[in-house]
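A.B. asks: Have a look at this fold, sequence not included:
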C-alpha cells in the first residue's frame, strides 16, 4: 500500500512538472538565456536549529550539499539542473530524517517580466523544490512556500550576472 501511494505521488509530480514546462507564453523580454552556466551555489554558511552549520550535520558529500542553501534557475524556468536536483535531494533526506524541523522555500525571480508573472514564477520554483522534498518523504506540513518574485534581489545590476543570482530558491530552516 505504501509503495502504491509513493508511486502515485511520483506519477502526479511528474505530470505537474510536464504541465508546468509547457507554458511558452511570450513575456516581456528577459534577454539571453543563461545556457549551460546554470548551477546551484551556497550563499554562505547557514545554521540549523541547534546553531551548528548545516554542513556539519551529516558526514560526507551530503554535508557539502546541505551547506548550499540556494538553488539557481535558468531564465523563465522552474526546472532544476542535475546539480540543483542533488542539493534539493540532500536537503530532502536531511528533513525526512529530522521530521521535527520545518523549512521555508523562498522563490525569487529577476527583475524582468511583470510583477505578477515574477511572483508566480517564484512560487513555481519553490514548488518544484517542495515536490522533490515530498517525493523523498518529507511531510508537506513541514514545508512552507513563499514567493517574493523580483522584490528581494541578492545582486544589484541589470545584466546577466546579476539576473542569474536573482533567479533562485532559498532554503531556510525554521528555528
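C.D. replies: Yes, it's here. Note that the structure is a prediction, hence the values are computed from the model and not measured.
A.B. asks: Tell me the helix or strand right after the top helix by length along the chain.
C.D. replies: Secondary structure assigned by DSSP state H gives helix 115-135 as the longest helix of the chain. Counting by DSSP states H and E, the element after helix 115-135 in chain order, helix or strand, is strand 143-149.
A.B. asks: And residue 64, how close does it get to residue 83?
C.D. replies: 12 Å (CB to CB, to the nearest Å). Just so you know, the C-beta spots here come from the backbone N, C-alpha and C atoms, and that holds for glycine as well.
A.B. asks: For this structure, which segments count as strands?
C.D. replies: 70-72, 103-108, 143-149, 168-173 (DSSP state E).
A.B. asks: is it possible to export those to JSON lines including mean neighbour count and distance to residue 95?
C.D. replies: Formatted as JSON lines, the strands of the chain follow (neighbours: other CB atoms under 10 Å; distance: least, CB to CB, whole Å):
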{"stretch": "strand 70-72", "mean neighbour count": "24", "distance to residue 95": "15"}
{"stretch": "strand 103-108", "mean neighbour count": "23", "distance to residue 95": "6"}
{"stretch": "strand 143-149", "mean neighbour count": "18", "distance to residue 95": "8"}
{"stretch": "strand 168-173", "mean neighbour count": "23", "distance to residue 95": "9"}
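A.B. asks: Quick one: closest of the ones you listed to residue 135.
C.D. replies: strand 143-149 (11.9 Å; CB to CB).
A.B. asks: so what does the closest one touch, helix or strand wise?
C.D. replies: Under the contact criterion of 3 or more CB pairs under 8 Å, 6 or more residues apart in numbering; DSSP states H and E, strand 143-149 touches strand 103-108, helix 115-135.
A.B. asks: now with 10 Å?
C.D. replies: strand 103-108, helix 115-135, strand 168-173 (3 or more CB pairs under 10 Å, 6 or more residues apart in numbering; DSSP states H and E).
A.B. asks: avg pLDDT for the longest one?
C.D. replies: In other words, helix 115-135. Helix 115-135 carries an average pLDDT of 98.
A.B. asks: Please consider this matter closed, and thank you.
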